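S.K.: got a sequence here, can you model it:
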Amino acid sequence: MSCNSWDEWVGMDRLMKHSQENIIKQQALDKKAGVDKNTKSGRSAHAKPKSSADTKVDKEEAKNTAPRGKKRKADSSIEKDNLSAEKLVKIQIPPNLKKLLVDDWEFVTQQNKLVKLPRSPSVDDILTKYLEYRSKKDGMMVDATGEILNGLRCYFDKALPVILLYKKEHQQYGDAVSDNVSPSSIYGAEHLLRLFVKLPELLTYVKIEEETLIRMQQKLQDFLK
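M.R.: Sure, this is the predicted structure:
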C-alpha cells in the first residue's frame with residue numbers, strides 16, 4: 001500500500017473529526033500543564049504547576065492511548081456503528097511493552113517529561129531493521145512484509161498528530177515536524193508502540209478481505225515480538 005492510498009483505504013475524515021472533538025474537549029478542561037520533576041534519559045521536562053483539570057485530562061488521555069486495564073470494557077473507545085467484530089484485528093501487546101506504554105504515559109502526562117527529538121533509532125530505522133531481519137530469515141519472500149511495514153509507516157505518519165500524541169506533546173510536534181519531514185523519521189519506539197494500541201480501531205475502516213486481515217495480524221504480532 002502506498003501512502004497516497006491512505007485516504008482511500010481508511011475513513012480518515014471521520015477519524016480526524018472524532019479525534020479533533022476529543023482534543024477540543026481536552027483543551028476546554030486544561031489550559032495549564034506539568035509537574036516539577038527531574039529529567040530522565042531520553043526525555044526533557046517542563047516544570048509547571050499541576051491543576052485539578054490536569055488530572056481530568058490525564059485520565060482521559062490514559063483511556064485513549066494507554067493500554068487498557070482489565071476493568072475497562074473492550075473497544076469502548078470505538079464508535080459502535082464502526083465496529084465490525086469479524087474485521088477487528090486482535091493485537092496482543094507483550095507484557096514488557098505494556099509496561100513501557102504505562103511508563104511512557106506517566107512520563108508525559110504526570111511528570112511532564114517529553115521524549116527528546118529526533119529519536120534514534122527512528123520509526124523508519126526500526127521498520128528497516130525488522131525488514132532486514134525477516135529478509136535474512138525468510139530469504140527473498142518478504143514482499144508482503146515490506147508492504148505491511150510500508151502501511152505501518154503511512155499509518156504512523158498520518159495518525160501521529162491526530163490520535164497518537166498526548167495534549168502536552170502537540171507543541172513539540174509543531175516545532176519538530178515541518179512540511180518536508182515525515183514524523184517516522186523524527187519519532188521513535190515510544191510513539192510507534194502507541195500506534196499498535198490504536199490499530200484495532202483504525203483497521204475497522206479497512207476495506208480488505210478478512211483472510212488478509214488475519215495474515216496481517218500474524219505479521220504484526222511477529223513484529224512486536
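S.K.: pull the number of nearby residues for the nearest residue to residue 192 once chain neighbours are set aside.
M.R.: Nearest residue to residue 192, sequence neighbours excluded (CB to CB, 6 or more residues apart in numbering): residue 123, at 4.9 Å. No exception for glycine: its C-beta is placed from N, CA and C like everyone else's. Neighbours of residue 123 under the rule other CB atoms under 10 Å: 25.
S.K.: now the phi/psi pair for residue 123, please.
M.R.: The phi/psi pair for residue 123 (degrees, to the nearest 10) reads phi -60, psi -40.
S.K.: so what's it up against?
M.R.: For residue 123, the contacting residues are 153, 156, 183, 184, 185, 187, 188, 189, 191, 192, by CB atoms under 8 Å, 6 or more residues apart in numbering.
S.K.: residue 196 in helix, strand or coil?
M.R.: helix (DSSP: H, G, I helix; E, B strand; the rest coil).
S.K.: quick check, it in contact with residue 217.
M.R.: No - using CB atoms under 8 Å, residue 196 makes no contact with residue 217, being 11.3 Å away.
S.K.: got the confidence number for the residue nearest to residue 192?
M.R.: Listed pLDDT for residue 123 reads 97.
S.K.: count the neighbours of residue 155 for me.
M.R.: Residues near residue 155, counting by other CB under 10 Å, number 23.
S.K.: mind listing what's buried in the helix or strand it falls within?
M.R.: Element membership for residue 155, per DSSP states H and E: helix 143-159. Of all the residues in helix 143-159, those buried under the rule 16 or more other CB atoms under 10 Å are 145, 148, 149, 151, 152, 153, 154, 155, 156, 157, 158, 159.
S.K.: stretch 189-208 too?
M.R.: 189-204, 206.
S.K.: about what we covered before: which one of the contacts of residue 123 is nearest to residue 106?
M.R.: Lowest distance from residue 106 to the contacts of residue 123 (CB to CB) belongs to residue 191, with 15.4 Å.
S.K.: other SSEs contacting the helix or strand harbouring that closest one?
M.R.: Assigned by DSSP H and E, residue 191 belongs to helix 189-202. With contacts defined as 3 or more CB pairs under 8 Å, 6 or more residues apart in numbering; DSSP states H and E, helix 189-202 has these neighbours: helix 52-65, helix 95-105, helix 123-138, helix 143-159, helix 210-224.
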